[in-house]
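J.: Just the structure for this:
(4 chains, ligands or ions: 4)
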Amino acid sequence: MPPSEAAAAPTAAATNELFYSEALREALRLEMLRDPRVFVMGEDIAEHGGAFQVTAGLLAEFGPDRIRQTPISEIGIVGAGVGAALTGLRPVVELMYIDFSGLAIDQIVNQAAQNRFMFGGQARVPLVVRTQGGSGRGNAAQHSKSLEAWFTHVAGLKVVMPATPADAKGLLAAAIRDDDPVMFIEHKLLYRTKGPVPAGEYVIPLGKADVKRAGRDLTIVTWSREVLFALEAAELLARDGIEAEVIDLRSLVPLDRETILASVRRTRRLLVVHEAILRGGYGGEIAALVAEEAFDDLDAPPRRLAGVETPIPYAAHLERGVVPQVEDIVRVAREIVG
Amino acid sequence: MPPSEAAAAPTAAATNELFYSEALREALRLEMLRDPRVFVMGEDIAEHGGAFQVTAGLLAEFGPDRIRQTPISEIGIVGAGVGAALTGLRPVVELMYIDFSGLAIDQIVNQAAQNRFMFGGQARVPLVVRTQGGSGRGNAAQHSKSLEAWFTHVAGLKVVMPATPADAKGLLAAAIRDDDPVMFIEHKLLYRTKGPVPAGEYVIPLGKADVKRAGRDLTIVTWSREVLFALEAAELLARDGIEAEVIDLRSLVPLDRETILASVRRTRRLLVVHEAILRGGYGGEIAALVAEEAFDDLDAPPRRLAGVETPIPYAAHLERGVVPQVEDIVRVAREIVG
Amino acid sequence: MTIDRADALELYRVMRTIRRFEQRSTTLFGENKIWGTIHSYAGEEAIAAGVCAHLRDDDWITSTHRGHGHCIAKRADLGKMFAELLGRETGYCRGRGGSMHIADTSKGNLGANGIVGGGIPIATGAALTAKQLGSDQVAVSFFGDGAANQGTFHESLNLAAIWKLPVVYVCENNQYAESLPAARAFAVDDIASRAIGYGMPGIHVDGRDVRLVHAAAGEAIALARAGGGPTLIVAEAYRHEGHYYGDPQQYRTKAEIESWRATFDPITNARAWLTSDGIASDAELDAIDGAVDDEMERAIAWAETGPIASPITPEEIYATQ
Amino acid sequence: MTIDRADALELYRVMRTIRRFEQRSTTLFGENKIWGTIHSYAGEEAIAAGVCAHLRDDDWITSTHRGHGHCIAKRADLGKMFAELLGRETGYCRGRGGSMHIADTSKGNLGANGIVGGGIPIATGAALTAKQLGSDQVAVSFFGDGAANQGTFHESLNLAAIWKLPVVYVCENNQYAESLPAARAFAVDDIASRAIGYGMPGIHVDGRDVRLVHAAAGEAIALARAGGGPTLIVAEAYRHEGHYYGDPQQYRTKAEIESWRATFDPITNARAWLTSDGIASDAELDAIDGAVDDEMERAIAWAETGPIASPITPEEIYATQ
Ligand SMILES: Cc1ncc(C[n+]2csc(CCOP(=O)(O)OP(=O)(O)O)c2C)c(N)n1
Ligand SMILES: Cc1ncc(C[n+]2csc(CCOP(=O)(O)OP(=O)(O)O)c2C)c(N)n1
Ligand SMILES: [Mg+2]
Ligand SMILES: [Mg+2]
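T.: Residues are numbered from 1 along each chain as shown, chains lettered A, B, ... in the order given. Ligands and ions are numbered 1, 2, ... in the order given. Okay, the predicted model is just below:
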């Protein structure tokens, strides 16, 4: 009998230095060992080990049924994941790039996210859709978008975006154990970043933001790769005596309103940073939330720093210019603190 | 030789009382008469005249090539629209419900919206995707969503949502003449609303909001069906001496920032209202914009009133309860004015 | 595959129950007791009945917007179905789903679907579950001729073929997709010919004769259960009513409808078979009709006394809070 | 269809140009002058060359992520192609697109595409333009074996068939979709058998022999131009290089690659044909090779002197401001 789905509290075991990709693999592996209902399905995940090597080696350990390589049929495989989840399995379906999610979004939104409600609570859809987004590799406009905002606007879906190897492991385990469909969005430039990762079972509950750096002068709310940029920026700002608090949302849905609001009420200043284009981005949600709930606590207008409104260009120098860099965060933070 | 695409200024001709659906049909008809490159493609648009009767009668006038009825193949027909637009035609593709747009969004976003930029400006994609959203007819969760926010978050796409018959006519004409892809989003409960519509050629430039009611105490920014609710609410508020200004965005992209900011600077209070669920909705964009640009002009926190975070339920009494009604707008407006 | 008397009468009873359910939901809609939209399965009863006769409660089906028949054939409770249409808390979906989303997971019905073609990959995934668990369960996906032109049809049939999944795809060709005649939606006469390109058997059957549907489905389901992989069955039928309640049907003539109804009615067809083969007398069949009609009224009465749908709670939207 | 000497030599020159382009872009990538990713068409040259030989500049093609060959065969400027790979303002896409998005609308190339199967409906729409305008233009969509399992393939082929559109679908079966062997992606041996289900001709051709591709494409394109509707051509080929520059290729053995390269090289194949049929001597072909290589170096030199991509301006994103 498979164990309960209840997310265990983070355990403080020994840690290993792992790449983000290795941390994800460890979570997949441990969850597959723990629960026979868990399996992975996607393109190039078998012999090739996945476009970013997350599933490397798992074919040998778990075989072709549980590391199920598929043809290029995005809506077919996500839909099959929905059907498998509805009937008792816990599929982890990989969409190679979030730019391709549009091909499968009907099954994610109209089926996975809504089935439980439409059926009056009869169903559970424990489906994880693992994908990755973001620019920085010269893959141009169809392989570099940041589309998390689409998925946050869907009732019934959860959205997770880890920034560090430890969070990647703990959040993926939680996503797999969760009984709801989860969009698990990685970043293509994080796979080769390293960090300490607790060994063994490690589960981080969904919906809890992480204060990656404490500070008193300004709250920077961000997620995914921009967390690393924000932490670098905070270092530079500290040299001029500006102490920025950096909040990594980790889960966009459920959203940890309390952590955001408590921080802003202390620092009295907000900067939201994301790689996605500004218009319609999730930064609007955060800035609006803070403006509504903490208006009188703010000493400055809430600000957003986001991607330039353009498809992602190919040429390296142009590509770098369209998403927020460390220096941009520093500049805007200075403006806010004044 | 077809005439230039430059949007003509609105002409003040004689007006007729028309249903929203008739106004749309008039725009389609006039644009098809004016420009042989314009044609309509979609499901049930021919003999049946469209799910909401917008194309009723056009088959007889223009024939099956220009009122091209298609099988149920959403990504196929939208993609064919992209190809036709790239090669010199001006297709108007109908997606029966915006809930189905997920099946075609890859072609809308990765192709239509990005081709021009990806190709270094070589291409134009004068494609209009006509669709409709919203709840209120008991069609439940897969036929009632409001998904405009997804499309506002795409560089290269324009998004239009008319609330009145006159705007429907003028904006559809402008969308068809526009050289960029336009998501033209109607509302299923507006088709049978009536209003005065200028006769003959009538074009409303995209990107201009419309102040549907002037007021000094509060700015209500909204679009689509909620505009009608906001105007009703404003009437009720006026009885207690609260004068609400009602801004109908009409175009979500391009966004008329000036009109919004000028109004809020005068009224010093903002309420954004939309039918879509709150989280990740376009209301966040508007509230964040105002908080950033007009912070010191605000006497109260910017507020958002939006749909409850749930898939749309079937039962009438539940359905009505999950989207903002007139009384909700009145209540929140009162709270804001205090 | 011969059908014994009990099974034959059960097939008739199921078809007759579906027909009656559609008649009564139509009148209830006319009385403004049903909200939204309903799609009548009248004329296609032999397909759901003939296929589901081979399914166990732990086998799965995915259904469509025209799903009442599949639901009934999969042995759903009529009262809970009507209660759903009436928006009651006692309905299958507690009034959240309505006609287009009735599901009965206790009987393996993974739901009607408002997205044309939306159920095809889901049934494929259910079959994948059976394969992964090594069980002998089978999944059946019902969908229309229109759905056969959706990308989900293509991707799903290919996945099922390469993985030899225990799934049967049942395409109900009722000659129309809303207002579009199948003749204008396909450049081939036989939709089953598409099976060739996927490497699975494709069977074309006259959906008016429940014996033929029953035989074809029996083979396909047995093949799937035995690990022999998927089959595509295309059953010809005719939609007796409009696409939805209130459809003006400008796309077809009264004459066409009358002639097809006369020649293409699975229930008259079954009566002729049962009486001419001496399986049952008209009187016995009339008795079944009477029992069905009584059961229907009891179900409606029960449904109408149910409480209206209760307020929405968070756990309905997210299972893990 | 017989091929005269000039055409035969032109086919060879085009194939040889594609091969050389791929060799040089590979070395440029190795020198870190190219950013992002590139996909080599080496081994598939006969398909682009044999098909595009029948196309006019006002005919359209849609291409793929593996698009250099189609672009060259549609008579693109090599300098502008390299300039694009190098991220220069002088590139086809002013450095915005890179390898995966090169388009040349002046020659009817509606673009490479980063979405597998993304170009299929677009070519279908281009053919619709020809039909609507009553012109005799033809559209060709190139795509891989992997793309044939995308829903866009299915929906597009059906639309083209029912509307008799002037479009030719060219499926390049290079035996792999990234790491997935076609043998594991299909339960049928012949992908062309899918044409049956759409009601269009399906032709299977050995993509190593440019004469066979040329003949099959000639017929299909003539048919389309004459209003005879679409054709599906499946050309067998073998991808000589990895899926992308740097592909470790754990999914196939060195031995497999070597043996296929030896037996499946359209260029060696063409040389054998041209010399054995006495159309050209080895010396003459060597001369063509030399000219191609010189042109390539001139193109690269020109590209390398181009200015880097200029800052992005609003008009590139929206045509109507
Ligand atoms: C993806 C999608 N496109 C369009 C529709 C609108 N629609 C509802 S039923 C229908 C016709 C379906 O035809 P068919 O598959 O033959 O089933 P039938 O209604 O004939 O049983 C259409 C177009 C929809 N619900 N979903
Ligand atoms: C929609 C989509 N899914 C997946 C990918 C990732 N991808 C790029 S090329 C490729 C393989 C394509 O195979 P095939 O169609 O046979 O073309 P080939 O590369 O063999 O020329 C894949 C899976 C993509 N670019 N787009
Ligand atoms: Mg039908
Ligand atoms: Mg291939």
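J.: And residue C:44, how close does it get to residue C:208?
T.: 9 Å (Cβ to Cβ, to the nearest Å). Using the backbone N, CA and C atoms, a C-beta is placed for each residue, glycine as well.
J.: now residue A:111
T.: 32 Å.
J.: Neighbour count: those two, which is higher?
T.: residue A:111 (29 against 25; other Cβ atoms under 10 Å in any protein chain shown).
J.: what's around the closest residue to that one other than its chain neighbours, how many residues?
T.: Nearest non-adjacent residue to residue A:111, counting by Cβ to Cβ, 6 or more residues apart in numbering or on different chains: residue A:82, 4.9 Å away. For residue A:82, the neighbour count with other Cβ under 10 Å is 33.
J.: does residue A:82 really touch residue A:116, like I thought?
T.: No. With contacts defined as Cβ atoms under 8 Å, residue A:82 does not count as touching residue A:116, sitting 11.3 Å away.
J.: who touches both of these two?
T.: residue A:125 (Cβ atoms under 8 Å, 6 or more residues apart in numbering or on different chains).
J.: The residue nearest to the spatial centre of chain C and ligand 1: what is the separation?
T.: Nearest to the mean C-alpha position of chain C, by Cα atoms, centre = their mean, lies residue C:70 at 2.9 Å. According to Cβ to the nearest ligand atom, to the nearest Å, residue C:70 stands 11 Å off from ligand 1.
J.: nearest residue to that residue other than its sequence neighbours?
T.: residue C:63 (4.1 Å).
J.: What is the neighbour count of that neighbour?
T.: So residue C:63, with other Cβ under 10 Å, has 29 neighbours.
J.: How about the contacts made by it?
T.: C:70, C:71, C:102, C:109, C:110, C:111, C:112, C:113, C:119, C:142.
J.: Name the helix or strand for the second one, please.
T.: Using DSSP states H and E, residue C:71 falls within helix C:68-73.
J.: mean confidence for that helix?
T.: For helix C:68-73, the mean per-residue pLDDT is 98.
J.: list the helices and strands it packs on?
T.: helix C:5-30, helix C:45-52, helix C:78-85 (3 or more Cβ pairs under 8 Å, 6 or more residues apart in numbering or on different chains; DSSP states H and E).
J.: quick one, which of those is nearest to residue A:48?
T.: helix C:45-52 (39.9 Å; Cβ to Cβ).
J.: and after that closest one, which helix or strand comes next?
T.: Following helix C:45-52 toward the C-terminus (DSSP H and E): strand C:60-62.
J.: Mind checking if that next one is in reach of chain B?
T.: No. Strand C:60-62 stays clear of chain B (Cβ under 8 Å from any Cβ of the partner chain), getting no nearer than 13.9 Å.
J.: thinking again about what came up before, tell me the most buried of the helices and strands packed on helix C:68-73?
T.: helix C:45-52 (a mean of 30; mean count of other Cβ atoms under 10 Å in any protein chain shown).
J.: Strands of chain A, start to end?
T.: A:15-19, A:38-42, A:67-69, A:90-95, A:128-133, A:158-160, A:182-187, A:194-198, A:210-213, A:218-222, A:244-248, A:251-253, A:270-277, A:303-307 (DSSP state E).
J.: out of those, deepest packed?
T.: strand A:218-222 (a mean of 30).
J.: Residue A:277 and chain D: what is the separation?
T.: According to Cβ to the nearest Cβ, to the nearest Å, residue A:277 and chain D sit 11 Å apart.
J.: Mind listing the residues bridging to that residue?
T.: residue A:307 (DSSP bridges).
J.: which residues sit in contact with it?
T.: So residue A:277 contacts A:146, A:306, A:307, A:308, A:309, A:310, B:153, B:155 (Cβ under 8 Å, 6+ apart).
J.: Of those, which is the nearest to residue C:78?
T.: Residue C:78 lies nearest to residue B:153 out of these, by Cβ to Cβ, at 45.4 Å.
J.: follow-up on the earlier one: any idea which of the helices and strands packed on helix C:68-73 gets closest to ligand 1?
T.: helix C:45-52 (10.5 Å; Cβ to the nearest ligand atom).
J.: re earlier: which single one of the contacts of residue C:63 is nearest to residue D:16?
T.: residue C:119 (51.3 Å).
J.: just to revisit the earlier point, export the helices and strands packed on helix C:68-73 to TSV and tack on mean pLDDT and distance to residue D:215?
T.: Shown next, in TSV, are the helices and strands packed on helix C:68-73 (pLDDT from 0 to 100; distance: least, Cβ to Cβ, whole Å):
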stretch	mean pLDDT	distance to residue D:215
helix C:5-30	98	55
helix C:45-52	98	46
helix C:78-85	98	60
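J.: Need those helices in JSON lines (columns: distance to residue B:190).
T.: Shown next, in JSON lines, are the helices and strands packed on helix C:68-73 (distance: least, Cβ to Cβ, whole Å):
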{"stretch": "helix C:5-30", "distance to residue B:190": "24"}
{"stretch": "helix C:45-52", "distance to residue B:190": "37"}
{"stretch": "helix C:78-85", "distance to residue B:190": "27"}
